[in-house]
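[1] show me the folded form of this:
(one chain, ligands or ions: 1)
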Amino acid sequence: MAAIAETVADALEPLTIVQVYEGVDYGKKGEDFTVAFSRFRLPGKVDDLAKKIIEKFQADDWVESVTHDRAFLHLKCRTATLNRLILHEIHALTYPGYGANSICEGKRVVIEYSSPNIAKSFHVGHLRSTIVGAWDVHSLNWLTGARRFGSSVRWDVSSTDIAAQFGLIAVGFEKYGSQEALEQNTIQHPLEIYVKVNADAEKDPTVREQAAAWFKRMEDGDEEALRNWRVWRELSIKTYAEGYARLNAHFDEYTGESMVGPQTMEAAVNKLQEMGLIEEDNGALRVNLEKYELGKAVIRKRDGTSIYLTRDVGAAIERYDKYKFNKMMYVVSTQQDLHLQQFFKVLSLMGYDWADRLEHVNYGLVLGMSTRRSTVVFLDDIIRDAATEKYKAVEDPEKVALEIGITGVKIQDMAAKRCVPTFPHFCSHVLTRRYRYAHVRLSSIERKNPELLPLPAPSQLNLDTLVEPQAREIVLLLGSYPDVVKTALKNHEPSGIVTFAFRLSHAISSAWETVIVKGEQDKEKAKARMAPYLAARDVLGAVLRLLNIKPLDRM
Ligand code: ARG
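    Here you go, the predicted structure:
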C-alpha cells in the first residue's frame with residue numbers, strides 16, 4: 001500500500017504520501033487495491049485526476065492493470081510478482097519478524113491492566129481487561145482496595161468502605177474463618193466471611209465497633225492486626241497468578257493502591273494547593289475541572305484521607321520516576337472514563353510534561369455479569385463450559401480441551417471491538433473451530449509430504465506454476481498482515497487481528513480442494529503449492545501468538 005501511495009502522491013503533488021495513504025485500501029472484490037481519490041478533495045475534474053494518476057502507473061512488474069470507476073481507481077497486481085515477493089518476505093523474515101513493526105523500538109511502554117479489586121471479586125470485566133491488555137511489555141497489575149497500613153502519615157489511611165471491609169473481615173475471621181479455608185480459597189473465603197459478618201452487623205451494632213477498633217490497630221501499624229491482611233494479600237496474589245497463568249497472562253509486577261507513598265500524595269496535594277488549583281469545600285479539597293467539562297474532583301476527603309483519584313495521581317508520579325516511560329496505558333473499562341480523564345488532567349495541570357503520555361485504553365462493559373464469583377470459580381466455570389467438546393487422537397485430551405476452551409474465551413472476547421459491550425460466557429465454538437482446524441491442518445502438511453522436504457526457499461521455487469486464484473487469495477491476504485498489525489496497534493484494537501485470522505482461515509479452507517499438494521505428480525508444482533501453505537501456517541501461528549493464544553499442531 002505504501003508503494004501505491006507513493007506513486008499516487010507523485011502524480012498529485014503537492015499531496016504527501018501520508019495524505020494519500022488514507023485513501024488507499026485493499027480492494028473489495030476481484031481487485032487488489034482501491035484508491036478513493038475523491039477523499040483528497042482536489043480541484044479539477046474526476047476524469048482528469050484519474051488520468052493523471054493512471055499515467056504514473058505504467059504496467060510493470062508489479063502492476064497488471066489500473067481501471068477507473070467514478071471516484072475510484074482499482075489496481076490489480078501481477079500474480080507472479082505478488083507470489084514471489086510476499087512469499088520471499090515471509091520466508092526471509094520468519095517469526096516474529098514478518099508483520100512485526102518497530103514503532104515502539106527503544107521506547108518504554110508501561111501497561112496497567114486487569115487490576116482487580118482485591119477486597120471484591122475478580123469479575124468478567126477484569127477478565128476482559130486481562131485479555132485485551134496482554135501484550136509483551138512491562139505489565140502492571142494494580143490491585144485496588146489494598147491500602148498501605150501502618151504508616152505514620154495519617155491521611156494515607158482511608159475510612160472508605162473498603163477499609164471498613166478489612167476490619168469487618170478481620171473480625172469475622174475470628175468467628176467464621178479458618179486458615180486452611182483461606183489457603184484453599186483465598187478470594188472466596190474472605191468474601192463468604194464478609195457476607196456472614198455483615199449480616200451479624202445488621203443485628204448487632206457492636207460488630208461494627210469491633211471492626212473499627214481492628215481497623216484502627218491496622219492503621220497504627222499493629223503487627224498482629226496487620227498479619228492477616230498481609231497473608232490475605234500475598235495469598236490473593238498467588239491465587240491470581242495461578243488464574244492468570246491459565247489464561248497465559250503474566251505480570252512483571254503486582255503493585256497496588258497500598259504501595260503508593262503517602263509522601264507522594266501529600267506532596268501532590270501541596271503542589272496543587274500552591275498552584276492555586278484547589279478549592280475547599282466543607283473541609284474537603286477538590287480540583288475544579290469545570291473549565292474542561294470534567295466536573296470537580298475531590299482529592300482529599302473531609303477527614304483528611306486520600307481517595308481513588310489521589311492514589312492514581314500519586315501512583316502515576318511514582319511510576320514515571322521509576323520507569324521514565326514513553327507511554328503508559330491503562331486498560332480500564334469505559335465506566336471509569338471520567339475518572340481517568342480527571343486524573344490525567346490533574347497531572348497535566350500540575351505541569352508534568354509526561355502527562356500526555358498517559359492513555360486510557362477503554363473497553364465496553366460486560367453485560368449481565370455476576371460479581372459474586374471469585375477468580376478461580378469464575379475461570380473454572382468458563383473453562384468447564386468451554387471444554388465440553390471431546391477430542392480424540394491426542395496425547396493429552398484434557399490439556400487440549402482446556403487450551404481450546406480458553407482460546408474460545410479469548411477469541412470470543414477479542415472478536416468484538418473493545419468499546420462494544422459483550423456478554424460473558426457466550427463461548428462460541430464456531431468462532432474458533434475454523435482457525436484451529438486451519439492451523440492444525442497446515443501443520444500437518446510437511447508431515448504428510450516428506451518427499452517434498454526440505455522445501456527450497458521461495459526464490460528457488462518455480463512459482464509461475466502457482467496459478468490458482470485460491471492460492472493468490474492466500475498470498476494477497478498474507479501480504480496485508482503488516483498493515484493489519486499497524487492498524488491494530490494504532491487503534492489498540494485486537495478485533496482487526498481476529499478478523500484477519502478468520503479471513504485467512506477461510507481462504508485456506510477454500511484452497512484445499514484446488515491447490516492440492518498431496519498426490520500432485522509434478523513435483524515442481526507440488527513444491528510451489530506447498531509454499532503458500534507453509535507461509536500461511538507461519539503467519540497464522542504468529543497471529544495466534546499475538547493474540548496470546550497457543551497455536552495447536554495437532555488435535
Ligand atoms: N480495580 C479497579 C476496578 O476493579 C480498576 C483499577 C483501574 N486502574 C486504575 N489505575 N485506576 O474497578
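[2] and the strands in this structure?
    Under the criterion DSSP state E, the chain contains strands at 24-26, 33-36, 63-69, 72-77, 109-112, 138-143, 253-256, 278-281, 284-288, 296-300, 327-333, 358-363.
[3] just how off-centre is the first one within its chain?
    Chain-centre distance of strand 24-26: 26 Å, with Cα atoms, centre = their mean, to the nearest Å.
[4] run me through the strand neighbours of it, direction for each.
    When pairing is defined by DSSP bridges, strand 24-26 lines up against strand 33-36 (antiparallel).
[5] picking up where we left off before, which one, of the strands of the chain, ends up nearest to Val195?
    Closest of those to Val195 is strand 138-143, at 21.3 Å (criterion: Cβ to Cβ). (C-beta placed from N, C-alpha, C; glycine too.)
[6] quick one: average confidence on that closest one?
    Regarding strand 138-143, the rounded mean pLDDT is 70.
[7] distance to the ligand and mean neighbour count for the strands of the chain - can I get that in a markdown table?
    Shown next, in a markdown table, are the strands of the chain (distance: least, Cβ to the nearest ligand atom, whole Å; neighbours: other Cβ atoms under 10 Å):
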| stretch | distance to the ligand | mean neighbour count |
| --- | --- | --- |
| strand 24-26 | 36 | 17 |
| strand 33-36 | 40 | 20 |
| strand 63-69 | 49 | 15 |
| strand 72-77 | 45 | 20 |
| strand 109-112 | 6 | 23 |
| strand 138-143 | 5 | 22 |
| strand 253-256 | 9 | 19 |
| strand 278-281 | 21 | 13 |
| strand 284-288 | 17 | 19 |
| strand 296-300 | 13 | 20 |
| strand 327-333 | 4 | 21 |
| strand 358-363 | 9 | 20 |
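[8] any low-confidence regions in the stretch 401-550 of the chain?
    Low-confidence segments of the stretch 401-550 of the chain (pLDDT under 70): 422-432.
[9] do the same with the chain
    In the chain (pLDDT under 70), the answer is 118-124, 131-138, 143-165, 219-220, 366-395, 422-432, 555.
[10] get me the contact residues on it for the ligand.
    Residues of the chain found near the ligand (Cβ under 6 Å from any ligand atom) are 112, 115-117, 142, 144, 312, 330, 332.
[11] against Leu73, how distant is Arg503?
    Counting by Cβ to Cβ, to the nearest Å, the gap from Arg503 to Leu73 is 23 Å.
[12] what's the burial count for Glu105?
    Counted with other Cβ atoms under 10 Å, the neighbours of Glu105 add up to 7.
[13] distance of it relative to Asn326?
    Separation of Glu105 from Asn326 (Cβ to Cβ) stands at 11 Å.
[14] isn't Met530 up against Ile445?
    Yes - here Met530 lies in contact with Ile445, judged by Cβ atoms under 8 Å, at a distance of 6.5 Å.
[15] ok, the two, which is more surrounded?
    Per other Cβ under 10 Å, whichever of Met530 and Ile445 has more neighbours is Met530, with 22 against 18.
[16] quick one, what contacts that one?
    Residues in contact with Met530 (Cβ atoms under 8 Å, 6 or more residues apart in numbering) are 445, 449, 452, 455, 517.
[17] closest one of those to the ligand?
    Ile445 (45.2 Å; Cβ to the nearest ligand atom).
[18] excluding covalently adjacent residues, which one is nearest to the closest one?
    Residue nearest to Ile445 in three dimensions, not counting chain neighbours: Tyr533, with 5.3 Å by Cβ to Cβ, 6 or more residues apart in numbering.
[19] still on that earlier bit, overlap of the contact sets of Met530 and Ile445?
    Overlap of the contact sets of Met530 and Ile445 (by Cβ under 8 Å, 6+ apart) consists of Val517.
[20] doesn't Trp142 make contact with Val110?
    No - in this structure, Val110 is not within contact of Trp142 by Cβ under 8 Å, at 10.7 Å.
[21] hey, C-alpha coordinates of stretch 327-345 in PDB?
    Taking C-alpha atoms only, stretch 327-345 is exported to PDB below (Å, rounded to 0.1, in the frame of the first residue of the first chain):
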ATOM      1  CA  LYS A 327       3.900   5.700  27.200                       C
ATOM      2  CA  MET A 328       1.700   4.400  29.900                       C
ATOM      3  CA  MET A 329      -1.600   2.800  29.100                       C
ATOM      4  CA  TYR A 330      -4.400   2.000  31.400                       C
ATOM      5  CA  VAL A 331      -6.700  -0.800  30.200                       C
ATOM      6  CA  VAL A 332      -9.800   0.000  32.200                       C
ATOM      7  CA  SER A 333     -13.500  -0.200  31.400                       C
ATOM      8  CA  THR A 334     -15.400   2.700  29.900                       C
ATOM      9  CA  GLN A 335     -17.200   3.000  33.200                       C
ATOM     10  CA  GLN A 336     -14.200   4.800  34.500                       C
ATOM     11  CA  ASP A 337     -13.700   7.200  31.600                       C
ATOM     12  CA  LEU A 338     -14.400  10.300  33.700                       C
ATOM     13  CA  HIS A 339     -12.100   9.200  36.500                       C
ATOM     14  CA  LEU A 340      -9.200   8.600  34.100                       C
ATOM     15  CA  GLN A 341      -9.800  11.900  32.300                       C
ATOM     16  CA  GLN A 342      -9.800  13.700  35.600                       C
ATOM     17  CA  PHE A 343      -6.600  12.400  36.900                       C
ATOM     18  CA  PHE A 344      -4.800  12.800  33.600                       C
ATOM     19  CA  LYS A 345      -6.000  16.400  33.600                       C
END
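[22] what does it contact?
    104, 107-115, 125, 128-129, 132-133, 287, 289, 292, 294-295, 297, 308-309, 312-313, 316, 319-320, 355, 357-365, 419, 492.
[23] ok, now with 6 Å
    109-113, 125, 129, 132-133, 289, 292, 294, 297, 309, 312-313, 357-364 (Cβ atoms under 6 Å, 6 or more residues apart in numbering).
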